[in-house]
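In: can you look at this prediction? I've put the sequence above it.
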Amino acid sequence: MPSKWLKYLSLLESNDRRGKTPYEYPVSDESTNIRLQQQDPNKHKLEQSLIGKMLEDPWQVAIDFGCGTGAHFFLFDGPKQRRNLLIGLDPDCKRAKWAEQVAEYRLQFLRSYVTCGGIEILENAPEQLKADVVLCSQVLGHVSEKQTLRIIKGFHRILDKNGRCGLAIPVIGSAFKENPQVGAWSGKEDFTHLVAMEKSPSDQGFRRYLTLEEFNQAAKTPEPGLLPVRSFFIPEFPNPLKIKLPLWLEAPPPTISKIIQPFFRVEKCAIYSIHKDPDSPVLPLGDLFIQLRRK
Ligand SMILES: C[S@@+](CC[C@H](N)C(=O)[O-])C[C@H]1O[C@@H](n2cnc3c(N)ncnc32)[C@H](O)[C@@H]1O
């Protein structure tokens, strides 16, 4: 299977008939990492441990979808993976190029192929090309509703029977309404907003509420410096001061559950990070990891 994938991907690149729509992710890893260190320095450790567990069962072909600069590539590598292939995809060509270099320098055992592109690459793959695992970490919180459905369908198409898929998404609870920057958010649905990553969370204008339609538009062509974020609403979000992470949940947030349900079974679902904005009370805002099995 890995060699068939390599043939498809290199043909795709040499023909370059992907009709790529230019996309630039609006913020740098540097600025998001600074913010992350302030909000939850343990986030990466727990995220990596959940992804690592998902990768423990044997696999041959894995896809890191929306791989960014390849921060998770090393999790796929190991002496048992010598014959395996990791495919990294990101529609921001500069980030994909960076990830390609990370793969070259950091991966010791695995074969890898990193290229610029999104879901169309999986949609257009020949029917017999299948993958065993797809990782989609912190991507669905930044794409339109239409894209989200396309992405989930694309994963279902490309995964082998019984294939697994890991999603990491931002989540929110209604008590976040106490934050003065939520604007017209009802506190009962996904919180769609823009984050001005260069500002500090206590600065005015760090978060700006968008309607879902405005978010869908902003996610297609983001403005530099302004990250469109859809935090998925968890109706019974537990008190963040009383929980121990990871906190296992019975079901993912309703909006994402509805999309996933026809295609996947939920195997695991855990809140793995709570964002503590400096100088603010601790409110229910964080990240969730969902492990899925193809139906
Ligand atoms: C927050 S970063 C996450 C990067 C990486 N997955 C990680 O967890 O470190 C979001 C990434 O999603 C990519 N992205 C944005 N829209 C996308 C889409 N429609 N399909 C795939 N990736 C997308 C961005 O270019 C960016 O690299």
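Out: Thanks, I have it. Numbers count the residues shown, from 1 in each chain.
In: which other residues reach stretch 229-241?
Out: Here stretch 229-241 makes contact (CB atoms under 8 Å, 6 or more residues apart in numbering) with 140-142, 169-175, 188-195, 215, 219, 247, 249, 252-256, 274, 282-286, 288. (Each C-beta comes from the backbone N, C-alpha and C, glycine too.)
In: show the buried residues in these.
Out: Burial by neighbour count, 16 or more other CB atoms under 10 Å: within these this picks out 140-142, 169-175, 189-195, 215, 219, 247, 249, 252-253, 255-256, 274, 283-286, 288.
In: which ones among those residues map onto strands?
Out: Among the buried ones among the contacts of stretch 229-241, DSSP state E puts 169-172, 191-195, 247, 274, 285-286, 288 in strands.
In: make CSV out of those and add distance to the ligand.
Out: Formatted as CSV, those follow (distance: CB to the nearest ligand atom, whole Å):
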residue, distance to the ligand
169, 11
170, 9
171, 15
172, 16
191, 17
192, 15
193, 15
194, 14
195, 11
247, 20
274, 18
285, 15
286, 15
288, 13
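In: most widely separated two among those residues?
Out: 194 and 247 (27.7 Å; CB to CB).
In: ok, residue 248 - how many residues close by?
Out: Other residues near residue 248 come to 8 when the count uses other CB atoms under 10 Å.
In: which ones are touching the nearest residue to it once chain neighbours are set aside?
Out: In space, and not counting its chain neighbours, residue 248 is closest to residue 270: 5.1 Å by CB to CB, 6 or more residues apart in numbering. By CB under 8 Å, 6+ apart, residue 270 lies in contact with 50, 245, 246, 247, 248, 249, 288, 289.
In: what's the answer for residue 149, then?
Out: residue 259.
In: state whether it is indeed within a helix.
Out: Yes. According to DSSP: H, G, I helix; E, B strand; the rest coil, residue 149 belongs to a helix.
In: tell me where this structure has strands.
Out: Taking DSSP E as the test, the strands found in the chain are 61-65, 85-90, 111-116, 131-137, 159-172, 191-196, 207-209, 226-233, 247-248, 264-274, 285-294.
In: turn these into JSON lines, including mean pLDDT.
Out: As requested, those are arranged in JSON lines below (pLDDT from 0 to 100):
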{"stretch": "strand 61-65", "mean pLDDT": "98"}
{"stretch": "strand 85-90", "mean pLDDT": "98"}
{"stretch": "strand 111-116", "mean pLDDT": "96"}
{"stretch": "strand 131-137", "mean pLDDT": "98"}
{"stretch": "strand 159-172", "mean pLDDT": "97"}
{"stretch": "strand 191-196", "mean pLDDT": "97"}
{"stretch": "strand 207-209", "mean pLDDT": "96"}
{"stretch": "strand 226-233", "mean pLDDT": "98"}
{"stretch": "strand 247-248", "mean pLDDT": "97"}
{"stretch": "strand 264-274", "mean pLDDT": "98"}
{"stretch": "strand 285-294", "mean pLDDT": "98"}
